[in-house]
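Enquirer: Structural data only, the sequence is not supplied:
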């Protein structure tokens, strides 16, 4: 296995699953892991032929590729392109290059049912970060709690439920100009009012 890869891990996912995957990407970045996540690469991607560039990323540039499997992932042209590039690499490797993580039980072409996966219905994004760090042989507890990205809900309306005892009491709600961070020590929201712990 080459140690000269540009990225320690590349993330392949459908846009519908971005909120979860972004928390994984943020958590890895905060822990000092070099990660290919498209949002981190906007300037570099600008003007590139993505068809060729994504083959380079998923076939050659990363030590591991995490594939976030869902019904959306299976049905997208670009995710299938990324998966095929990763599978071409996996065919020639003597170690587990593709790390499947499942949002649901969707079958994806070329991924055998005997391949061990992480069930995302039972693991938080931060738990996935810890597992990736361990897979890389890195100390997952290297960062302090306040440096780890908080969970995020992109919705600007509705209800967000979270546990203030995790992530140093932090949570992000909204997106873009309407992104708000909650950092106070409250146990939750009750009828639109904050309920102190």
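Expert: It's in. Since this is a predicted model, take the numbers as computed values, not measurements.

Enquirer: CA atoms for contacts and neighbours, from now on please.
Expert: Noted.

Enquirer: Any stretches of this structure with poor pLDDT?
Expert: 1-3, 142-171, 175-197 (pLDDT under 70).

Enquirer: Okay, strands next: where are they in it?
Expert: Under the criterion DSSP state E, strands of the chain are mapped to 7-12, 35-36, 62-69, 98-102, 118-119, 152-153, 171-173, 180-182, 186-190, 193-196.

Enquirer: Which residue ranges of the chain form helices?
Expert: Taking DSSP state H as the criterion, the chain carries its helices at 18-30, 42-45, 50-56, 71-75, 77-91, 125-136.

Enquirer: Could you look over the ones you listed and pick the most buried one?
Expert: helix 18-30 (a mean of 21; mean count of other C-alpha atoms under 10 Å).

Enquirer: got the angle for it vs strand 7-12?
Expert: Per axes from the mean of the first three to the mean of the last three C-alpha atoms, to 10 degrees, the angle that helix 18-30 makes with strand 7-12 is 180 degrees.

Enquirer: And helix 18-30, how far out from the chain middle?
Expert: Helix 18-30 has its C-alpha centroid displaced from the chain centroid by 5 Å (C-alpha atoms, centre = their mean, to the nearest Å).

Enquirer: export the helices of the chain to CSV and tack on distance to residue 104?
Expert: Output for the helices of the chain, formatted as CSV (distance: least, C-alpha to C-alpha, whole Å):
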stretch, distance to residue 104
helix 18-30, 14
helix 42-45, 29
helix 50-56, 25
helix 71-75, 7
helix 77-91, 16
helix 125-136, 15
